[in-house]
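Trainee: Here's my sequence, what's the structure:
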Amino acid sequence: MPFVRPDVANLLAMLAAQPGPKLSEISPAEGRAMMAGMTQLLERPRGDIAVADLTTPGGIKARLYTPANAGGQVVVYYHGGGWVIGDLDTHDPLCAEIARQMGMRVVSIDYRLAPEHPFPAATEDCIAATRWIVGSPAELGGPVSGVIPAGDSAGGNLAAAVTQELHNEIAIPAQWLIYPATDMTAGEGSMVEFGDGYLLTKDSMDWFHAHYMTGSENKRLHPWASPLHAESLEGLPPAMVFTCGLDPLRDQGRAYAARLIESGVRVVYREAAGQIHGCFTLRQGIASAHDDLLGCIADLKLLLAGA
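Mentor: As a prediction, this is how the structure comes out:
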């Protein structure tokens, strides 16, 4: 049996005792309500910080978190949820915490979701919103000297794709990939070993892919869908990559970090043993996840200091 942290084991036991269908058995609308309810129950409160809701000229909604004494660098955050569920609210406490701990403005992007807007709509929105942020719009309250693309799960996929797409065009001092989805063709290793019983399941990933890639199934190797399969990763900005030991996506994150290193990119890699996918938005239910978050932020600060 793999190592499972006591607080993770308690949460998994509680969730296993809940009646009702699995994510892979319900509609996207029901899935969105399920994720919203889970984060309300299991995530920490937002806490004190200045927050403003924004809309880009292209109509993409976003949320700005401004801590005291914020500098010119901005974390651009793309939320997780398999490109189908999740929103500004599910990741609101996490983005607030990142802004406070980093001492930086964070802009969370409310990109379009599948299946209403399948691949590549999410990536297009994230690229467009990031370009807008780099232009130092007045709504951000001060000039932007560089952006750090960041995101969890599907958001980690989007952060990797945005970084690949824009690194030659804009100032990106670092990228932060949190249990990222980097390979839509992955079907072995951790995807099987932890494919059931650890919150995120292989069935859920199949459900996400089916909704997101509808009409684009033959594009699963496109670098926006599977950043791991990009032709080259050379010259990319430094990366902070975080994975969880009990995550079906673990091996994808490991493989992407390894390929970045092989390509000469500076990487700080951190893996949380005994931890599950999605833990950064379950910090009330998994107390140790908050320590994992603080560890990532400390590592990201070191990476930025060296950049």
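Trainee: What's the first helix or strand after the helix or strand harbouring Val76?
Mentor: For Val76, the host element (DSSP states H and E) is strand 73-78. Next helix or strand after strand 73-78 toward the C-terminus (DSSP H and E): helix 92-102.
Trainee: Can you get me a residue count around Ala258?
Mentor: By other Cβ atoms under 10 Å, 14 other residues sit near Ala258. Placement of C-beta: from N, CA and C, glycine included.
Trainee: quick one: pLDDT of it?
Mentor: Looking at Ala258, its pLDDT is 99.
Trainee: what's the answer for Ala307, then?
Mentor: Per the predicted model, pLDDT is 79 at Ala307.
Trainee: show me what contacts it?
Mentor: Going by Cβ atoms under 8 Å, 6 or more residues apart in numbering, Ala307 touches 173-174, 237-238, 266.
Trainee: Tell me the most packed of those residues, by neighbour count.
Mentor: Greatest neighbour count in the contacts of Ala307, by other Cβ under 10 Å, goes to Ala174: 24 neighbours.
Trainee: From the chain's centroid, how far away is stretch 272-290?
Mentor: Centre-to-centre, stretch 272-290 and its host chain are 14 Å apart (Cα atoms, centre = their mean, to the nearest Å).
Trainee: Report the buried residues of that stretch.
Mentor: For stretch 272-290, the neighbour count (16 or more other Cβ atoms under 10 Å) marks 272, 274-286, 288-290 as buried.
Trainee: now swap in stretch 17-31 and tell me
Mentor: Result for stretch 17-31 [16+ other Cβ under 10 Å]: buried residues 23, 28, 31.
Trainee: residues near Pro115, how many?
Mentor: Counted with other Cβ under 10 Å, Pro115 comes out at 15.
Trainee: And for the one 5 residues further on?
Mentor: The tally of other residues near Pro120 (other Cβ under 10 Å) stands at 19.
Trainee: and the nearest residue to Leu11 once chain neighbours are set aside, helix, strand or coil?
Mentor: Computed as Cβ to Cβ, 6 or more residues apart in numbering, the closest residue to Leu11 that is not its neighbour in sequence is Gly285, at 4.7 Å. Here Gly285 is recorded as coil under DSSP: H, G, I helix; E, B strand; the rest coil.
Trainee: give the contact list for Gly285.
Mentor: Contacts of Gly285 (Cβ under 8 Å, 6+ apart): 7, 11, 14, 41-43.
Trainee: ok, these vs Glu97, which is closest?
Mentor: Nearest to Glu97, judged by Cβ to Cβ, of the contacts of Gly285 is Glu43 at 10.1 Å.
Trainee: The closest one and His290, how far apart?
Mentor: For Glu43, the distance to His290 equals 10 Å [Cβ to Cβ, to the nearest Å].
Trainee: Leu260: what's it in contact with?
Mentor: Taking Cβ under 8 Å, 6+ apart as the test, what Leu260 contacts is 233, 236, 239, 241, 267.
Trainee: do that again at 7 Å, thanks
Mentor: Contact analysis of Leu260 by Cβ atoms under 7 Å, 6 or more residues apart in numbering lists 233, 236, 239, 267.
Trainee: Number of residues surrounding Arg131?
Mentor: Using other Cβ under 10 Å, Arg131 is surrounded by 17 other residues.
Trainee: For Ala159, see how far away it is.
Mentor: 15 Å.
Trainee: ok, now Gly86?
Mentor: 14 Å.
Trainee: what residue is smack in the middle of the chain?
Mentor: Taking Cα atoms, centre = their mean as the criterion, Asp152 is the residue nearest the geometric centre of the chain, at 1.5 Å.
Trainee: on that earlier part again, overlap in contacts, Glu43 and His290.
Mentor: Common neighbours of Glu43 and His290 (Cβ under 7 Å, 6+ apart) are Arg283.
Trainee: Going along the chain, name the helices of this structure.
Mentor: For the chain, the helices defined by DSSP state H cover 6-16, 28-42, 92-102, 121-134, 154-166, 190-193, 202-212, 250-262, 287-306.
Trainee: And the shortest one, how far out from the chain middle?
Mentor: Spelled out, that is helix 190-193. For helix 190-193, the distance to the chain centre is 20 Å (Cα atoms, centre = their mean).
Trainee: buried sites along it?
Mentor: In helix 190-193, counting by 16+ other Cβ under 10 Å, buried: 190-191.
Trainee: Which neighbouring elements make contact with it?
Mentor: The contact analysis (3 or more Cβ pairs under 7 Å, 6 or more residues apart in numbering; DSSP states H and E) places helix 190-193 against no helix or strand.
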